[in-house]
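*Asks:* attaching a predicted model along with its sequence, questions to come.
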Amino acid sequence: MTKPPSIVILTGAGISAESGIDTFRGGGGLWEQHRVEDVATPEAFARDPDLVLRFYDMRRAAIQTKLPNAAHQALARLEREWPGRVTVVTQNVDDLHERGGSQGVIHMHGEHLSAWCTACDTRHRWTGPLLDRPPCPTCGARALRPDIVWFGEIPYRMDDIQRALADADLFVSIGTSGAVYPAAGFVRLARELGARTLELNLERSQGSAWFDESRLGPASAVVTGWVEDLLT
Ligand code: OAD
């Protein structure tokens, strides 16, 4: 009996754009409004922790007012109905995949709704602010930081991702510009390891040439269309 095809899906900010969450690059993107060096590096946090905590407190509050869209829901449907393995790896730090119904999502860049205690190295589900330096529920130290992978830090669960890519028959990239490594390199790796590659994005990404196929358009349309095609 042959193994049903395994699918690995990499998502980026574009899948949450229609839910009202800003993307990072391009007109009006988050990195046009804030400098990465001011808010998204360990050095920035050491230099001006209040600025960094305020920035993430605002974003943590904002994502809780947003709802998953049809693209998140389509991926959850695929996971439920596809006979093979479906692994969602996201660069997104919102929880819209989970609220859309996906399970076991790999958050390689961390999560807004998690706080990391740098004193005892525990992580806690966190929905409120961190600016007022609340104590860690485990050790009591006032050393909680956003559980976000900042520039210069190593993304989470790279071993699990490598294993999933090695097992993938199809690699699909959704709503990501292909500007940030190592995620931007997954398409090459997946290809070298034998997977077919598909890009679903509003416009061609930086690594577009590495994909066997590109379907362009808003995620709510192209992702739902692709899932429908695959399941019927
Ligand atoms: P970007 O902002 O770089 O790219 C978003 C992509 O989504 C672009 O290619 C857009 O064309 C596309 N897009 C926009 N709206 C869309 C829609 N409705 N449907 C489909 N596609 C759409 O975001 P990422 O590639 O996710 O890292 O950025 C990667 C990382 O850079 C982020 O995880 C973040 C950032 O710095 C950290 O913060 C660690």
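*Replies:* Yes, it's here.
*Asks:* alongside the ligand, which residues does the protein contribute?
*Replies:* By C-beta under 6 Å from any ligand atom, the residues of the chain that approach the ligand are 12-14, 17-18, 23-25, 29, 40, 91, 109, 149, 175-177, 179-180, 201-203, 205, 218-219. No exception for glycine: its C-beta is placed from N, CA and C like everyone else's.
*Asks:* can you map out the helices along this protein?
*Replies:* In chain order, the chain shows helices spanning 14-17, 30-33, 36-39, 42-47, 49-63, 70-81, 96-100, 158-167, 186-192, 219-231, with DSSP state H as the criterion.
*Asks:* tell me which strands and helices the third one is in contact with?
*Replies:* Going back to what we said before, that points to helix 36-39. Other helices and strands packing on helix 36-39, by 3 or more C-beta pairs under 8 Å, 6 or more residues apart in numbering; DSSP states H and E, are helix 42-47, helix 49-63.
*Asks:* for these, give me JSON lines that also has mean neighbour count.
*Replies:* Formatted as JSON lines, the helices and strands packed on helix 36-39 follow (neighbours: other C-beta atoms under 10 Å):
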{"stretch": "helix 42-47", "mean neighbour count": "14"}
{"stretch": "helix 49-63", "mean neighbour count": "17"}
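*Asks:* with mean pLDDT added, can I get these in TSV?
*Replies:* Shown next, in TSV, are those (pLDDT from 0 to 100):
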stretch	mean pLDDT
helix 42-47	97
helix 49-63	97
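*Asks:* so what's the nearest residue to residue 161 once chain neighbours are set aside up against?
*Replies:* Nearest residue to residue 161 in three dimensions, chain neighbours excluded: residue 89, at 5.5 Å (C-beta to C-beta, 6 or more residues apart in numbering). Applying C-beta atoms under 8 Å, 6 or more residues apart in numbering to residue 89 gives the contacts 8-11, 105-106, 108, 161, 164, 183, 186.
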